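>>> sequence plus predicted model, see below.
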Amino acid sequence: MLIKGSKELIQKEFSNEKELQNYFETHLKEILNYDFVASEFSVGNFRIDTLAFDKELNAFRIIEFKNIRNHSLMDQGFTYLKALLENKAEFVLKYNAVFGVNLQKTDFDWSQTRVIFVSPSYTAYQRNATDFQNIPIDLVLVTRYDDDLVEVDFIKKTSKLKTEELEVFQDSFSAQELKVFTEDDHFLGYPSFLRELYEYLKERILEIGNIDIVIGKTYISFKGRRNICDVIVYKNKLKLLLNMKKGTLIDTYNNTMDVSSKGHLGMGDYQAEIRKEEDIDFLMPLVLQSWEVNKK
């Protein structure tokens, strides 16, 4: 039960999977910041509920909707991943047709492909089965209330296990081109003080509110509805990108530099360097400004 103002909010379930799917497809950009590509997209003998695209990671997203508890999420997820990677040309053709471009298979990052399940509930079995650091399947929990209020949350992976530690997964992954990056990947070969700085920064950011961590190939993102800030690891420092447009950030002490006219990793027009904890303390008011703009 949630309380909005003085009014009690009562749960109101989606009547069926199609209603849930229609809601997400209508609000896909707002909810997940993905571009809609197709509904009921057929590939081989399979039909994908919703095909979407993550422009930030340059990768496809397969979204499946479940309005009832289903015990076959893992099998279905791996099946769709395999179908996509074996039929790349069909996905590229569909993308080109929808967006009026002429891209090739090599223009996409297939390693970052993901399957996302959306449901109002999951069993403990489903949560545990997908709770690996580097499994390319995500669960999204959606709760609907009266007054058209919908709450959407990614179920965070809490286990430290990786799939390669279990023999049952090895064949599934070795045959694929998928790579799910973890925080550890970004700090391999770098001094330990950088990881300590990052952990302090992460703690401070997560204190702000409902924020997700998305770990990509080249940087780590802290996300609300959109990216709030991105962290890039270098050999002797961290770089922090704030997702604010040029002219919108109030940076009284000039702790950031304008990178709007420069090529850079991450999202946003403001960049700062972090070499010690005190730098983080000065930057947190700026992170808070970005959170206000990009929060859920």
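Arrived safely, thanks for sending. Given the structure is predicted, the values throughout are model-derived calculations rather than measurements.
>>> what comes up buried for stretch 196-211?
Going by neighbour count (16 or more other C-beta atoms under 10 Å), the buried part of stretch 196-211 is 197, 198, 201, 202, 204, 205, 208, 211. In this view, the C-beta of every residue, glycine as well, is placed from N, C-alpha and C.
>>> tell me which helix or strand residue 15 sits in.
Using DSSP states H and E, residue 15 falls within no helix or strand.
>>> how near is the nearest residue to residue 105 once chain neighbours are set aside to residue 109?
Spatially, and ignoring its direct neighbours in sequence, residue 105 is nearest to residue 88 (5.0 Å; C-beta to C-beta, 6 or more residues apart in numbering). Taking C-beta to C-beta, to the nearest Å as the measure, residue 88 falls 12 Å from residue 109.
>>> follow-up on the earlier one: ok, the buried residues of stretch 196-211 vs residue 24, which is closest?
Nearest to residue 24 among those is residue 211, at 21.1 Å by C-beta to C-beta.
>>> closest one of the buried residues of stretch 196-211 to residue 75?
The shortest approach to residue 75 among the buried residues of stretch 196-211 belongs to residue 211, at 31.7 Å (C-beta to C-beta).
>>> ok, the residue nearest to that closest one when sequence neighbours are not counted - how many residues close by?
Closest residue to residue 211 apart from its sequence neighbours, by C-beta to C-beta, 6+ apart: residue 222 at 5.3 Å. Residue neighbour count, defined by other C-beta atoms under 10 Å, stands at 24 for residue 222.
>>> how about residue 287?
A total of 21 residues lie near residue 287 under the criterion other C-beta under 10 Å.
>>> beta partners of the closest residue to it other than its chain neighbours?
Spatially, and ignoring its direct neighbours in sequence, residue 287 is nearest to residue 229 (5.6 Å; C-beta to C-beta, 6+ apart). Beta-bridge pairing of residue 229, defined through DSSP bridges, involves residue 222, residue 242.
>>> let me see the contact set for residue 229.
205, 221, 222, 240, 241, 242, 243, 266, 268, 287, 290 (C-beta atoms under 8 Å, 6 or more residues apart in numbering).
>>> for residue 129, see how far away it is.
Per C-beta to C-beta, residue 229 is found 32 Å from residue 129.
>>> quick check: phi and psi on residue 244?
Here the main-chain torsion angles of residue 244 (degrees, to the nearest 10) amount to phi -130, psi 140.
>>> wait, it sits on residue 288?
No: applying C-beta atoms under 8 Å as the test, residue 244 and residue 288 come out as separate, 11.3 Å apart.
>>> could you look up the SS state of residue 291?
Following DSSP: H, G, I helix; E, B strand; the rest coil, the label given to residue 291 is helix.
>>> count of neighbours near it?
By other C-beta under 10 Å, 22 other residues sit near residue 291.
>>> what sits against it?
Per C-beta under 8 Å, 6+ apart, neighbours of residue 291: 208, 209, 211, 224, 228.
>>> try 7 Å
In this structure, residue 291 makes contact with 208, 209, 224, 228, judged by C-beta atoms under 7 Å, 6 or more residues apart in numbering.
>>> among the residues you listed, which lie within strands?
Using DSSP state E, the members of the contacts of residue 291 that fall in strands are residue 228.
>>> what's the closest of the contacts of residue 291 to residue 29?
residue 224 (14.1 Å).
>>> all helices for the protein, in order.
Remark: helices assigned in the chain by DSSP state H are 17-26, 28-32, 73-86, 88-99, 124-129, 167-174, 183-187, 192-206, 277-294.
>>> can I get those helices in a markdown table with distance to residue 51 and mean pLDDT?
Shown next, in a markdown table, are the helices of the chain (distance: least, C-beta to C-beta, whole Å; pLDDT from 0 to 100):
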| stretch | distance to residue 51 | mean pLDDT |
| --- | --- | --- |
| helix 17-26 | 10 | 93 |
| helix 28-32 | 11 | 91 |
| helix 73-86 | 9 | 88 |
| helix 88-99 | 7 | 97 |
| helix 124-129 | 22 | 82 |
| helix 167-174 | 22 | 48 |
| helix 183-187 | 27 | 94 |
| helix 192-206 | 32 | 97 |
| helix 277-294 | 25 | 96 |
